[in-house]
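Enquirer: build me a structure from this.
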Amino acid sequence: MSLDDIAAKIRQRVADSDFDKSVKFDLGGDGVIVIDGSEVTTEDRGADCTITLSKDDFESLVAGELDPTAAFMQGKLKVDGDMSVAMQLSQVL
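Expert: Next comes the predicted model:
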């Protein structure tokens, strides 16, 4: 799945939510996905919180196959910045 496909899927989920923060998913060499309120882009920019993980793990997270808390505990994802923003986002994804 391309980053644009993943971004489109996330865009549908955040469109009707009241999420009003910004989160950057840093997928290393595969690129970034930034959620800023209801806007979702693959353009790299600053964010309240940066979550670093592999593209495969990110796809599993978006598909609901990977629990964000378990992934964090297993070291599959790292959170830099405001942890509460990441927690709010988990309710949207």
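
Enquirer: the worst-scoring helix or strand of the chain on mean pLDDT: which residues count as buried?
Expert: The weakest-scoring helix or strand in the chain, judged by mean pLDDT, DSSP states H and E, is helix 83-92 (a mean of 86). Neighbour-count burial for helix 83-92, with 16 or more other Cβ atoms under 10 Å as criterion, is recorded at 85-86, 88-89. Using the backbone N, CA and C atoms, a C-beta is placed for each residue, glycine as well.

Enquirer: what does stretch 64-80 give?
Expert: Applying 16+ other Cβ under 10 Å to stretch 64-80 flags 66, 68, 71-72, 76-77, 79 as buried.

Enquirer: now swap in stretch 31-38 and tell me
Expert: 31-36.

Enquirer: what sits up against it?
Expert: 3, 6-7, 10-11, 14-15, 17, 19-27, 40-45, 47, 58, 89 (Cβ atoms under 8 Å, 6 or more residues apart in numbering).

Enquirer: for the residue nearest in space to the middle of the chain, give its distance to I6.
Expert: The residue lying closest to the centre of the chain (Cα atoms, centre = their mean) is F25, at 4.6 Å. To I6, F25 is 9 Å away according to Cβ to Cβ, to the nearest Å.

Enquirer: where do the contact lists of those two overlap?
Expert: 33, 58.

Enquirer: start to end distance for stretch 12-26?
Expert: 20 Å (Cα to Cα, to the nearest Å).

Enquirer: that one: how far from the chain's middle?
Expert: 8 Å (Cα atoms, centre = their mean, to the nearest Å).

Enquirer: the chain: strands as residue ranges?
Expert: Taking DSSP state E as the criterion, the chain contains strands spanning 22-26, 32-36, 39-41, 49-52, 78-81.
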